[in-house]
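Visitor: quick one: sequence plus predicted model below, questions after.
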Amino acid sequence: MSLSRRRLLAGTAAFAACAGPLRAAAPLQAVASTGMIADIAQRLGGGTMEVRALMGAGVDPHSYRQTRSDIVAMTRAGIVLANGLYLEAQMEEFLDDLSRRVPVARVAEVLPRDLLMPYGDHADRFDPHVWMDPELWAMVAEGMAATLAAAHPDAAEAIGANAGAVAGDLARLSDYAAGVLGSVPGESRVLVTAHDAFGYLGRAFGMEVVGIQGISTESEAGLNRISELVDLLAERRIRAVFVESSVSDRNIRALVEGAAARGHEVAVGGELFSDAMGTPGSYEGTYLGMIDHNVTTIARALGGTAPERGMDGRLGGAS
């Protein structure tokens, strides 16, 4: 167990132990930019909070622009939760303006800079896809708990109690991911996806990650990039590549076809959830289900060992 996880578990356990009897509180109206944030916020708040996610299944946050109904919801909210780190690139100016009237928390920016991965050659920008590492997301959840308790002090006891359960689930998820991804043979530990959303997962679990596009889906993949990756697939005999639920599959299909032309058969190992969770109401439509699905799918496609229905036998089921 890492030092950061031990600190997190100790802190949330102490918070929960000191909470005492819980009391009813009027629900806080919260708006979250992504489903990953909304899911954790709702778990932290329980019945003390009503959380609306702006971006649903299959929605790309890099290019998302707020709608009229989004603006109304955010201006009426008690708090707005964004990822930050420039994930919501098209909403940055609006969120800055909104923060003069409504509390806006960029939840991923609680992470120390030395735990963040660089964004290409930008010295002052960082990869925003921190939810791909459950240990980092646990630190974000801890920060969210403190932020929500401050915004809704009547519910602070309930939020503190729920934070301990969230921390425990995220620790268990991280352990499961380490086990199944650790079973992938060394020569197959290469994850090829549509864009660079999986860097934190790769760093956490010892996978080499190769994205066709850059960290933002707004970047374009040129013919030279496709050709380079076809060469990589053929030379290293990579057996599977992965499409993403929120990104077009055309570049991945081009890779598969290019490798076939080189005499190397590559399978599409499955669809991964990168910038958005699965369908609401499904297990994959929760943060735990999203990551469980991803690591189970990757491990099985690349020759590792993982149960077909994931960590708790829930993949493909209701939330």
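Guide: Arrived safely. Bear in mind the structure is a predicted one, so any value in this text is a computation, not a measurement.
Visitor: can you give me the end-to-end span of stretch 104-112?
Guide: Stretch 104-112 has its terminal residues 19 Å apart, counting by C-alpha to C-alpha, to the nearest Å.
Visitor: please apply the same query to stretch 276-294.
Guide: End-to-end distance (C-alpha to C-alpha), stretch 276-294: 12 Å.
Visitor: contact partners of it?
Guide: With C-beta atoms under 8 Å, 6 or more residues apart in numbering as the test, stretch 276-294 has contacts from 34-36, 39-40, 55-61, 131-132, 134, 137, 169-170, 173, 176-177, 201, 245-246, 272-273, 310-312, 314-319. C-beta here means a position set from N, CA and C on the backbone, and glycine is covered the same way.
Visitor: show me where the protein has strands.
Guide: For the chain, applying DSSP state E gives strands covering 28-32, 49-53, 79-82, 104-106, 118-119, 122-126, 190-195, 208-213, 240-244, 267-272.
Visitor: give me the helices and strands touching the first one, please.
Guide: Right, the one you point to is strand 28-32. helix 35-45, strand 49-53, helix 68-76, strand 79-82, helix 134-151 (3 or more C-beta pairs under 8 Å, 6 or more residues apart in numbering; DSSP states H and E).
Visitor: could these go into CSV alongside mean neighbour count and distance to I291?
Guide: Converted to CSV, those look like this (neighbours: other C-beta atoms under 10 Å; distance: least, C-beta to C-beta, whole Å):
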stretch, mean neighbour count, distance to I291
helix 35-45, 25, 9
strand 49-53, 20, 17
helix 68-76, 13, 26
strand 79-82, 24, 19
helix 134-151, 22, 6
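Visitor: can you redo those as JSON lines with distance to V266?
Guide: Output for the helices and strands packed on strand 28-32, formatted as JSON lines (distance: least, C-beta to C-beta, whole Å):
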{"stretch": "helix 35-45", "distance to V266": "29"}
{"stretch": "strand 49-53", "distance to V266": "34"}
{"stretch": "helix 68-76", "distance to V266": "39"}
{"stretch": "strand 79-82", "distance to V266": "37"}
{"stretch": "helix 134-151", "distance to V266": "28"}
